[in-house]
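**Q** I need the structure of the sequence given here:
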Amino acid sequence: MKIGFVNGCFDILHIGHIGLFEFAKSHCDKLIVAIDTDERVRQNKGSNRPFNTLLDRALMVASIMYVDEVKWFATDEELTSMVREVSPDVMVVGEEYATKRVIGAEHAKEIKFFRKIDGYSTTKILESAFGR
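**A** Here you go, the predicted model:
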């Protein structure tokens, strides 16, 4: 069985996230999605985030047909440990990480880059709706 791994905040789900999950699932039999804890999102995105709690985000992501398992992490070390434990055949990240360090990549057999769908961004959605 080929294992896939994706991680992120997944705060306000949109078609870009669905495209990412679909792309990742097309390269594996089982897709594991790891979600940043609320505190980690606040640290990385600011005090107004996340919009949805970790439990809400995990339940929404788990309900998506491409996703087989949901986990969460609070630190880079926890994420690295999780990737080491899962030892995915494929780890999928956004194409913006093609020239950046991908946390845990050394424990994945292959890294694939997902080309983001233009016009879809949680930050842009929140700025448009709430001026955040």
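
**Q** Met91 should be in a strand, yeah?
**A** Yes - with DSSP: H, G, I helix; E, B strand; the rest coil as the criterion, Met91 is part of a strand.

**Q** Might you report the residue contacts of it?
**A** Met91 makes contact with 4-6, 83, 102, 104-105, 108, 110-112, according to C-beta atoms under 8 Å, 6 or more residues apart in numbering. (C-beta placed from N, C-alpha, C; glycine too.)

**Q** Which of the residues you listed fall in helices?
**A** Those of these mapping onto helices are Val83, per DSSP state H.

**Q** Would you mind giving the contacts of Met91 as CSV with neighbour count and pLDDT added?
**A** As requested, those are exported to CSV (neighbours: other C-beta atoms under 10 Å; pLDDT from 0 to 100):
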residue, neighbour count, pLDDT
Gly4, 28, 98
Phe5, 26, 98
Val6, 28, 98
Val83, 23, 98
Val102, 16, 96
Gly104, 26, 97
Ala105, 14, 97
Ala108, 22, 98
Glu110, 13, 98
Ile111, 16, 97
Lys112, 17, 97
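
**Q** so of the contacts of Met91, which ones are in strands?
**A** Mapping the contacts of Met91 onto strands (DSSP state E) picks out 4-6, 111-112.

**Q** would you list those in CSV and tack on distance to Met65?
**A** Shown next, in CSV, are the ones in strands among the contacts of Met91 (distance: C-beta to C-beta, whole Å):
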residue, distance to Met65
Gly4, 14
Phe5, 18
Val6, 14
Ile111, 24
Lys112, 20
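
**Q** where in the chain is pLDDT low?
**A** The model of the chain has pLDDT under 70 over residues 117-132.

**Q** let's see it at 50
**A** For the chain, applying pLDDT under 50 flags no range at all.

**Q** Which parts of this structure are helices?
**A** 15-25, 38-45, 54-62, 76-86, 122-130.

**Q** Which single one of the contacts of Met91 is nearest to Leu55?
**A** Closest approach to Leu55 among the contacts of Met91 (C-beta to C-beta): Val6, at 19.0 Å.
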